[in-house]
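> Okay, predicted coordinates and the sequence, questions at the end:
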Amino acid sequence: MSSLSKIIRKEVKELLTPATLIPIIVIAVLFGSLGGVFGGIDEAMEEAPRVAIIDQDGGLMSQVAVAVINFSAEIVYDGDDVQEALNALDEQDGVSLFIIPSNFTADIMSDRPGTIEAVWIMKGAGIMDSLPGASVESVLMGVDHAISFALIENNITDNASLILGPTQLTESTVFKGKTMEGISPILISSMMSSQSFVMPLIVMMVIIYAGSIVISSMGTEKENKTLETLLTMPVSRTSIVFGKLVGAAIVGLLMAVIYMLGMSYYMDSLMGTASFDMEQYGLALGITDYALVGISLFAALVFALALCMILGIFTKNYKAAQTMTMPVTFLAMIPMFVTMFTDFDTLPMAAKVMVFAIPFSHPMIAMRALMFDDYVLVLSGIAYSSVAALLVMFAAVTLFKKDILLTGKVSNSDRKSKVPLVALLQTIARKRRK
Amino acid sequence: MYAIEVKDLIKNYGSFQALKGISFNVKEGEVYGLIGPNGAGKTTALRILSTLLEVTSGSIRIQGIDLRERPEEVRRVISYLPEDAGAYKHLKGREYLKFIAQFFADGEGAKVLVDRGLEIANLGERIDDKVETYSKGMARRLLVARALMIRPKLAILDELTSGLDVLNAQEIRKTVKSYAGQGTTVLLSSHNMLEVELLCDRIALVNDGLIVAEGTPSDLKHRYEAQNVEEVFVKVVQR
């Protein structure tokens, strides 16, 4: 073997460690899942939307409109009762109800655009949730084309503006029990873009930054051999744990704020800002709502930091600490992508349980939930995250008093159980019984 | 009252028994040395006495305080210097001493500790340089200063002069000896037999988790008909 190949072999061996490989694999898996999501968008766009029709006109132009809708969408109700139509949409996961008023044909024949009333049924505020609405809008464009074609072919009018726009839409959206007049699901999604994108990103960045600071701090203390000195100082282990957690939280928040300043500017320029007054639709948040979001974020952050502290206890040096952040990053990314692309309410039950079980989810979904007065979800999320944070913090403080902090291994008494945390809780329970 | 009372101390790491029931007492102001081959259990014993590792079984009292019951009280009277200890690299030497001092005293009291630390470290102008620029010897002197400046009731020193040249090592030994004379009890471990002979009032030879011999250096030399402690060590370990 030549000297060059020996050096190459040594370099590859040195660089190709779990610490370098795992992050790449996780990122590849995440991008793979994103590909799946975007694939899902295409499928959702191609799928025929389910709609209901109430044709109160029955004239030539309304027949053209109904024929086009029939051709491009799946009709779940065709009758004359609004409530029945809404019930049918609700039962069959429908998207919208189209009401063609009695003067539809007459208006068009009189050189006035015919009005179609659309009642949108919006299930969630994620990107995926607004897709059926987008596909129905293309159905309505088809209606316009067909009527324009009929107007030209039958030489009904030479009014160019009517031919170019033979119908007009009056719309309202039913979303989480609220009926919002004059607005479509796509506009609502746009209005809520800051809740859909910026909030989950802020939460994820804070958690990842602050978490990696805690783990790195533990890795550095171990690598620089300063931890033993710190542990023999007249300072309680609880103070050391809290000092590290609060320090990391402050720096993590600061870093996240700096990052988000740039990110929010980027998001604004990318998406534009909705020109609708949230208050007009009863979606604006009050001081109590913001306080709840803050509490939710705080509980999630404490959970994240305590979890990272436990991971940091197992780390041996700075390099190993970098790998240890991956579980937390992964846990933070799951709810972030879920919140961006869909709505908690529209998730299947198993996914709901999984998302709820991750404390990081709660600040991500809190703002949107509070807009629709879903206090039960937010308060139960805060309660759950707080209990989870306290438990993990208690475990971190307890582990800080164990050999494992220095040896990185479970001691003999803890080894009876394969899970250190369980062993720890068993030990505590035994001590309490005594 | 003894400064250290250790009775039947056992330490298990999983199925491996690092200490198999050692017992020893150290009088106040005494310099007591643990010597033995690598893996004998010296550092484990020192780490347990420093409250860093849990006790599997046995009892330990430091200055009359039960270590297993009240480890936080023990930490107020001890100072531990690990063999491969480091200081915070982003701090300057003086800042490091100030950081440590504030845990033991406030205001003027802390300043007195820092002044004492500066004297022990004896790093001249380099004390205002960052620790990351220090040589191994300079960093060790800073750490010895950190350990002794608080005048602990018990100084636990693992490989005291590790990384120091002959002159620096001699200077540090003198400092430790003088602190022992002023009431600080010293428990140390070392591979340096000359250091042990020069510094310790009594020594314990540790082998395979057990104390196999104990006494003053002159007693042990006499008992094993040896010229020096190194010869005693070889005879005891190879027995």
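Cool, the structure landed. Residues are numbered from 1 along each chain as shown, chains lettered A, B, ... in the order given.
> From here on, just use CA atoms for contacts and neighbour counts.
Will do.
> Is there a neighbour count for the residue of chain B found nearest chain A? I'd like the number.
Nearest residue of chain B to chain A, counting by C-alpha to the nearest C-alpha: B:G14, 4.2 Å away. Close neighbours of B:G14, defined as other C-alpha atoms under 10 Å in any protein chain shown, add up to 15.
> Please apply the same query to B:A204.
B:A204 is flanked by 22 other residues according to other C-alpha under 10 Å.
> Doesn't it lie inside a strand?
Yes - according to DSSP: H, G, I helix; E, B strand; the rest coil, the state of B:A204 is that of a strand.
> Secondary structure element for the closest residue in space to it that isn't next to it in sequence, which one?
Beyond its immediate neighbours in the sequence, the residue positioned closest to B:A204 (C-alpha to C-alpha, 6 or more residues apart in numbering or on different chains) is B:E214, lying 4.3 Å away. With elements delineated by DSSP states H and E, B:E214 resides in strand B:210-215, which encompasses its position.
> list the buried ones in that strand?
Neighbour-count burial for strand B:210-215, with 16 or more other C-alpha atoms under 10 Å in any protein chain shown as criterion, is recorded at B:210-211, B:213-214.
> Next: stretch B:131-138.
Counting neighbours by 16+ other C-alpha under 10 Å, one finds that the buried residues in stretch B:131-138 are B:131-132, B:134, B:137-138.
> Pull up the distance across it, start to finish.
For stretch B:131-138, the first and last residues are 9 Å from each other (C-alpha to C-alpha, to the nearest Å).
> just how off-centre is that stretch within its chain?
Distance, stretch centre to chain centre, for stretch B:131-138: 21 Å (C-alpha atoms, centre = their mean, to the nearest Å).
> what are the ranges of the strands in the chain?
In the absence of a named chain, chain A is used. Shown for chain A, the strands assigned by DSSP state E span residues A:50-55, A:74-79, A:96-100, A:114-122, A:167-175, A:178-181.
> The intended chain is chain B.
Remark: strands of chain B, listed N- to C-terminal, are B:4-13, B:16-26, B:31-35, B:57-62, B:65-66, B:78-81, B:154-158, B:185-190, B:202-207, B:210-215; assignment by DSSP E.
> Return the most buried member of those.
Neighbour counts averaged per stretch over the strands of chain B are highest for strand B:78-81, at a mean of 28; criterion: mean count of other C-alpha atoms under 10 Å in any protein chain shown.
> Using PDB, write down the CA coordinates of it.
These are the backbone C-alpha positions of strand B:78-81, laid out as PDB (Å, rounded to 0.1, in the frame of the first residue of the first chain):
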ATOM      1  CA  ILE B  78     -12.400  20.100  50.700                       C
ATOM      2  CA  SER B  79     -10.500  21.100  47.600                       C
ATOM      3  CA  TYR B  80      -9.900  18.500  44.900                       C
ATOM      4  CA  LEU B  81      -7.200  18.700  42.200                       C
END
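> helices or strands next to that strand in the packing?
Using 3 or more C-alpha pairs under 8 Å, 6 or more residues apart in numbering or on different chains; DSSP states H and E as the contact criterion, the elements in contact with strand B:78-81 are helix B:136-148, strand B:154-158.
> And the contacts of the shortest one?
Surrounding strand B:154-158, the residues in contact under the criterion C-alpha atoms under 8 Å, 6 or more residues apart in numbering or on different chains are B:3, B:43, B:46, B:50, B:77-83, B:147-148, B:184-190.
> Need the strands of chain A in CSV (columns: distance to chain B, mean pLDDT and mean neighbour count).
Output for the strands of chain A, formatted as CSV (distance: least, C-alpha to the nearest C-alpha, whole Å; pLDDT from 0 to 100; neighbours: other C-alpha atoms under 10 Å in any protein chain shown):
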stretch, distance to chain B, mean pLDDT, mean neighbour count
strand A:50-55, 64, 90, 24
strand A:74-79, 67, 89, 18
strand A:96-100, 63, 91, 24
strand A:114-122, 55, 89, 23
strand A:167-175, 55, 87, 18
strand A:178-181, 57, 81, 15
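> Please tabulate the ones you listed in TSV, including the columns distance to A:V397.
What follows is the strands of chain A, written out as TSV (distance: least, C-alpha to C-alpha, whole Å):
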stretch	distance to A:V397
strand A:50-55	55
strand A:74-79	58
strand A:96-100	54
strand A:114-122	46
strand A:167-175	45
strand A:178-181	46
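> so what pLDDT did A:I183 get?
The predicted local confidence for A:I183 comes out at a pLDDT of 80.
> Surely it touches A:L169?
No - the criterion here is C-alpha atoms under 8 Å, and A:I183 misses it with A:L169 at 10.5 Å.
> tell me the contacts of A:A125?
Residues near A:A125 by C-alpha under 8 Å, 6+ apart: A:185, A:188-189, A:192, A:196, A:342-343.
> Among those, which are located in helices?
The subset of the contacts of A:A125 located in helices under the criterion DSSP state H comprises A:185, A:188-189.
> Find the nearest non-adjacent residue to A:D107, please.
Of all residues not flanking A:D107 in the chain, A:G114 sits nearest, at 5.4 Å (C-alpha to C-alpha, 6+ apart).
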